[in-house]
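Trainee: would you be able to build a 3D model of this:
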Amino acid sequence: MNVDWLDKLGARAKRGRLRETGAAPAPRVGVVTDSAAALPENWARSAEVTDLVRVVSMPVMIGDQIYSEGTDRMIGALALALAQGSDVRTSRPSPGQFEAAYAELAAAGCSSIVSLHLSGELSGTVDSARLAARSAAIPVTVMDTASVAMGVGFAVSAAAETARDGGSASAVADAGRAAAGSASILFYVPSLDQLRRGGRISAAAGWFGTLFAVKPILVVREGKVVPLERVRSAPRALARLTELVGQDIAGRTGRVRAAVHHFGNEAEAERLAGAIADTAPDVELMICPLPAVLAAHAGLGVLAVAIAVDSGAVPPVQVPGPDAVPGAGMGSG
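Mentor: Purely as a prediction, here's the structure:
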């Protein structure tokens with residue numbers, strides 16, 4: 001899949017350094033996020049951003065064991081637990097983890113920080129970041145992106161691009177805010193069970209889906225997970241998801257980025273990405289696993305698509321509102 005946006009960030013960073021040659025170094029702005037942002041490891045650990053970006057890991061609890069995001073051992077344990085219906089829980093990072101990330105960036109020479117996080121309607125992570133920001137040695141702007149996965153990740157990359165180009169804290173925050181505001185998240189889950197257990201969907205909506213074998217397509221709207229459409233079979237749901245994504249992309253102008261997320265079904269994700277690429281050949285498309293902290297709530301077999309545009313492009317296309325699913329609103333966890 002086309003991941004040109006990763007290469008473009010590196011190229012822009014190099015140009016920014018060339019412009020600074022021979023001049024006094026400008027104040028640097030650091031960027032912090034959480035592991036729900038789904039950032040590709042090769043980007044988050046690249047030399048181009050490693051001195052400006054920090055990713056705070058979110059814990060996943062399987063039984064009495066606590067795992068950190070990104071380890072093969074945790075991914076296998078989570079997949080097994082979800083398949084067996086075992087107890088799986090998640091938690092926000094502690095304020096101390098954010099304090100450490102902010103302190104690292106301050107020690108690395110950053111004069112301020114923009115901290116971007118997943119929706120406060122779904123997690124208390126942004127609250128932990130706000131608590132930590134109060135005691136940080138440098139100013140920290142904390143942002144609730146009202147999104148998840150690469151809806152957050154695209155905002156982080158936009159913020160990082162602006163920071164690398166020497167942008168001020170307000171410019172970095174504006175870039176992240178614009179990308180987050182443009183983001184759409186549409187997704188399909190084979191079962192609403194895990195969302196219901198985790199409190200991310202109401203009990204009524206969860207039982208409705210189970211009772212009538214509905215295969216729902218859901219969206220993130222105003223930071224909440226809400227049902228969009230009810231489909232009677234998995235193939236039809238995936239076909240409809242592809243159609244909705246194509247409509248969203250077609251309604252945008254500017255540089256459009258999309259990410260296909262999966263957990264436990266990479267082959268299906270590749271087929272979905274191929275179908276999207278056929279209908280929207282110019283989109284910058286990537287495939288990446290759904291972060292474990294999100295997969296713990298979505299369950300095995302989830303397919304999600306995050307779509308966003310560069311700053312200055314049009315806002316997301318408004319897909320139709322939720323249909324008459326009982327308990328369509330989702331509660332926060």
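Trainee: from here on, just use CA atoms for contacts and neighbour counts.
Mentor: OK.
Trainee: tell me how far stretch 289-302 lies from the chain's centre.
Mentor: A distance of 12 Å separates the centroid of the chain from that of stretch 289-302, by C-alpha atoms, centre = their mean, to the nearest Å.
Trainee: mind checking the end-to-end distance for that stretch?
Mentor: Counting by C-alpha to C-alpha, to the nearest Å, you get 10 Å between the two ends of stretch 289-302.
Trainee: need the mean per-residue confidence for that stretch.
Mentor: When pLDDT is averaged over stretch 289-302, the result is 89.
Trainee: look up phi and psi at the residue positioned nearest the centre of the chain.
Mentor: Central residue of the chain (C-alpha atoms, centre = their mean): residue 149, 1.6 Å from the mean position. With angles defined as degrees, to the nearest 10, residue 149 sits at phi 50, psi -140.
Trainee: dump the residue contacts of the nearest residue to it once chain neighbours are set aside.
Mentor: Distances taken as C-alpha to C-alpha, 6 or more residues apart in numbering put residue 37 closest to residue 149, at 4.4 Å, once the chain neighbours are dropped. Residue 37 makes contacts with 117, 118, 148, 149, 150, 151, 152, 153, 291, as judged by C-alpha atoms under 8 Å, 6 or more residues apart in numbering.
Trainee: narrow those residues to those that are buried.
Mentor: Buried residues within those, counting neighbours by 16 or more other C-alpha atoms under 10 Å: 117, 118, 148, 149, 150, 151, 152, 153, 291.
Trainee: against residue 151, how distant is the first one?
Mentor: I take that to be residue 117. Residue 117 is 10 Å from residue 151, by C-alpha to C-alpha.
Trainee: which helix or strand contains residue 187?
Mentor: Assigned by DSSP states H and E, residue 187 belongs to strand 184-188.
Trainee: now find how far off-centre that strand is within its chain.
Mentor: Mean C-alpha position of strand 184-188 versus that of the full chain (C-alpha atoms, centre = their mean) differs by 11 Å.
Trainee: neighbours of residue 95, how many?
Mentor: Residue 95 has 17 neighbouring residues, counting by other C-alpha atoms under 10 Å.
Trainee: can you pull the contacts of it?
Mentor: Counting by C-alpha under 8 Å, 6+ apart, the residues that residue 95 touches are 128, 129, 131, 132.
Trainee: let's go with 6 Å and repeat that
Mentor: Residue 95 sits next to 128, 132 when contact means C-alpha atoms under 6 Å, 6 or more residues apart in numbering.
Trainee: coming back round to it: can I get the contacts of residue 37 in JSON lines with secondary structure?
Mentor: Formatted as JSON lines, the contacts of residue 37 follow (DSSP: H, G, I helix; E, B strand; the rest coil):
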{"residue": "117", "secondary structure": "strand"}
{"residue": "118", "secondary structure": "coil"}
{"residue": "148", "secondary structure": "coil"}
{"residue": "149", "secondary structure": "coil"}
{"residue": "150", "secondary structure": "helix"}
{"residue": "151", "secondary structure": "helix"}
{"residue": "152", "secondary structure": "helix"}
{"residue": "153", "secondary structure": "helix"}
{"residue": "291", "secondary structure": "coil"}
